[in-house]
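**Q** for reference, the sequence and a predicted model appear below.
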Amino acid sequence: MTGSCAGSKRYWRGAAVLAAIACLSSLAAVAAEPSDPLRLVPPSANFVVKIERPRAIADFAVKLASRPELEGFRGYRDYFESTNYHLFRQLVGHFERELGNDWANLLDELAGDGIVAAFKIEKNPPAPTLVIIQGRDPKLTEKFFRKAVGIVEQELARQGIHDAYLTETYRGIEVLHRGEDLHVALLGSAIALSNVRERLHSAIDLYLDPSKESLLKKKTLVDARAYVPTDALAWTWMDLETAHKNPELQPLFTLPANFFPIHVAFGGLIDSLRRSPFLVAAVREDHGTATLSLRLPGGSAGMHDLVRGHVPPDRQPGAQPLLAPAGTLYSASYYLDVASFWKQRAVLLPKDQLKRIEEFDKNSKLILYGTQFSQFLEYAGARQRFVVAQQEEKGYSIKPEDRQPAFALVLQMRDPDAFAKAVDGPLRGLAFLAGLKAPMSQFIEEHGESKSKIIGYRFVENDGNKALGDGILFNFSPSRVRVGNQYVLSSTVELARQLVDELEKEANSREQTVSQSASTADGTILQSRLSFSGVSNYLGAAKKQLITQNMLEQGNSPEEAEKEVSLFLQLLDHLGRVETTNRYTPDQYQFDLRISP
């Protein structure tokens, strides 16, 4: 019996020890968890900006600002030699000495768990605003806070402003006030600021009563955080309920709207905003490539029939692959079925506008050589591509003063034969009318393996054409050509030839077919690319004009101006390219903007 009791006591002592260890481990785990500053934001906030990784953003900004090309710019040098910059460096140095660490590590300790700016957007400004700076060490945060307040008070006193801050206590927490527009409190390892006294009091209430519901637990924010990339440097969330209820915005979200072009240009995005409870945007960086992403939970499933022209039917491809002939500055590819909007015209347009547009369509046969405007839309199809490219040679002996890049529109036709036949008459008519003002001659040539027939016009090299815009006409040789089911309208024959080669390569390449099917699967409706190196090459052709402009605007000497322009072109080369992608999945609208070095 005694042995049994002793064993029982040992058992309970062991269990108690294990429980204590488990409890301490749990407490240690909780203590080790980062504190989300959103826990101090009241649930009434409807717009939030959160910096997740302040140190990474600062490092990225310093890296960009340290580009050697920038040192050649007078404005850049002037800033770093300015009194304001030196005062800022002195202030940073003071905190580094007083707090015993360099600025980067201090930023980690004082704001490493995030910075939040939360707003309650209301009809009458100013919007109540709350900023939370979440540190990791309460003692260091308090030391920084006291010294920062002291420095501000000294500076205000130097300006003759005394007793600038008033102090009061709310629930045992000291609150500093400056007028009615700035209220500051230290909440453990967090610093809270607001322009409204009650908003700061709400943060204090949440700090003292963690069980109270904060924005961190609000369903729309919880749902939205699933759309934030795990590696985001910063992100923003907006509750769209306020926008949906705003009477001034109701006409924008109403379908049909009173202004038909809105549907054609932005109808898909507006419909996604109308059906989405929130919007999320995020910024991330990976090996120098910065990406801005926007997400809406209103995808293609449930899209209003009136704006279906922005997305392809099920199992059909969206935007085609980008075209990139040599010298490309900008390339875009998009899906937009304008014919779909035309079919919905009776619903989209008021009766008076509907009557006028139908009369226009009926009479358009007279100016479009027997083809109605609506027929053109149907023949043309829903997939278009646009290219802007730099070209050294334009085929003229006269060189224009103002060099312009070449550009072209490429249409994927639903009915290639009908479109080619319908478009020929109007284009010949336009060429005839243009020739009355600026004489030109027609040419026809075959190009590529397909022997595609390029029909184009060259401006006559006479004094009259040379006098028009200092010879600007000699940038152009308007041309058109059909390649399979693709129709090219180009500003120059040189670009038309390049695009024939590109389209033939695309049609014959199995890799492009795979790429197109991938585009089909991911729902891309628009993609574009701007090449900074191409822009740099294009501007390099006008370097003399840029140097003259720099001398006039900046007051630089010819040598300084030439140096700044050269450095600017080098900087453009370093920037690489900007790419955008618009995509619809059944449950999401996605927009991405990437800047790649």
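**A** Sure, I can see it. Numbers count the residues shown, from 1 in each chain.

**Q** how about the nearest residue to residue 422, chain neighbours excluded?
**A** residue 371 (4.0 Å; C-beta to C-beta, 6 or more residues apart in numbering). Where you see a C-beta, it was placed from the backbone N, CA and C, and this is true even at glycine.

**Q** distance of residue 169 relative to residue 175?
**A** From residue 169 across to residue 175, the span is 7 Å (C-beta to C-beta, to the nearest Å).

**Q** more neighbours: which of these two?
**A** More crowded of residue 169 and residue 175, by other C-beta atoms under 10 Å: residue 175, with 20 against 9.

**Q** doesn't the more buried one belong to a strand?
**A** Yes - assessed with DSSP: H, G, I helix; E, B strand; the rest coil, residue 175 lies in a strand.

**Q** confidence score at it?
**A** Residue 175 carries a pLDDT value of 94.

**Q** you'd agree it is up against residue 166?
**A** No - when contacts are counted by C-beta atoms under 8 Å, residue 175 is not listed as touching residue 166 (9.1 Å).

**Q** next, the contact list for the residue nearest to residue 422, please.
**A** 364-365, 422, 425-426 (C-beta atoms under 8 Å, 6 or more residues apart in numbering).

**Q** may I see those organised as JSON lines, with pLDDT, secondary structure and neighbour count added?
**A** Converted to JSON lines, the contacts of residue 371 look like this (pLDDT from 0 to 100; DSSP: H, G, I helix; E, B strand; the rest coil; neighbours: other C-beta atoms under 10 Å):
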{"residue": "364", "pLDDT": "87", "secondary structure": "helix", "neighbour count": "17"}
{"residue": "365", "pLDDT": "85", "secondary structure": "helix", "neighbour count": "13"}
{"residue": "422", "pLDDT": "88", "secondary structure": "helix", "neighbour count": "19"}
{"residue": "425", "pLDDT": "87", "secondary structure": "helix", "neighbour count": "14"}
{"residue": "426", "pLDDT": "88", "secondary structure": "helix", "neighbour count": "16"}
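
**Q** and these, which two are furthest apart?
**A** 364 and 425 (12.3 Å; C-beta to C-beta).

**Q** make a markdown table out of the contacts of residue 371 and add distance to residue 199.
**A** Listed next are the contacts of residue 371 as a markdown table, based on distance: C-beta to C-beta, whole Å:
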| residue | distance to residue 199 |
| --- | --- |
| 364 | 59 |
| 365 | 65 |
| 422 | 63 |
| 425 | 67 |
| 426 | 62 |
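
**Q** out of these, the closest to residue 329 would be?
**A** Using C-beta to C-beta, the contacts of residue 371 come closest to residue 329 at residue 426, 28.6 Å.

**Q** quick one on the thing from earlier: ok so the residue nearest to residue 422 is a strand residue?
**A** No - applying three-state DSSP, one finds residue 371 to be coil, outside a strand.

**Q** any low-confidence regions in the stretch 401-550 of the chain?
**A** Filtered on pLDDT under 70, the stretch 401-550 of the chain yields the residue ranges 510-521.

**Q** apply 90 and report the result again.
**A** The stretch 401-550 of the chain contains residues with pLDDT under 90 at 401-404, 420-437, 450, 467-471, 507-523, 531-550.

**Q** in it, which spans are helices?
**A** Assignment of helices within the stretch 401-550 of the chain using DSSP state H, counting those that start in this stretch yields the ranges 416-437, 463-467, 493-508, 510-522, 532-540, 543-554.

**Q** repeat that for the stretch 251-400 of the chain.
**A** Remark: helices assigned in the stretch 251-400 of the chain by DSSP H, counting those that start in this stretch are 260-275, 338-343, 345-348, 351-367, 373-380.

**Q** out of those helices, which comes closest to residue 576?
**A** Proximity to residue 576, assessed across those by C-beta to C-beta, is greatest for helix 260-275 (27.0 Å).

**Q** which strands and helices lie in contact with the closest one?
**A** helix 250-253, helix 338-343, helix 345-348, strand 588-596 (3 or more C-beta pairs under 8 Å, 6 or more residues apart in numbering; DSSP states H and E).

**Q** between helix 260-275 and the longest one, find me the angle.
**A** In other words, strand 588-596. Interaxial angle of strand 588-596 relative to helix 260-275 (axes from the mean of the first three to the mean of the last three C-alpha atoms, to 10 degrees): 100 degrees.

**Q** and residue 237, that one's in a strand?
**A** Yes - note on residue 237: a strand contains this position according to three-state DSSP.

**Q** that one reaches residue 276, doesn't it?
**A** No - with contact defined as C-beta under 8 Å, residue 237 does not reach residue 276; the gap is 11.8 Å.

**Q** the more surrounded of those two?
**A** With neighbours defined as other C-beta under 10 Å, residue 237 and residue 276 compare such that residue 237 has more, 26 against 21.

**Q** for the more buried one, what are its contacts?
**A** 47-48, 50, 221, 224-225, 278-280.

**Q** looking at these, which is nearest residue 485?
**A** residue 279 (37.8 Å).

**Q** and the pLDDT for the closest one?
**A** Residue 279 carries a pLDDT value of 96.

**Q** hey, what's it bridged with?
**A** On the basis of DSSP bridges, residue 279 is bridged to residue 238.

**Q** let's number from 47 now, not from 1
**A** From this message on, residue numbering opens at 47, which makes the last subject residue 325.

**Q** quick one, what contacts it?
**A** Here residue 325 is in contact with 283-284, 286, 319, 340-342 (C-beta under 8 Å, 6+ apart).
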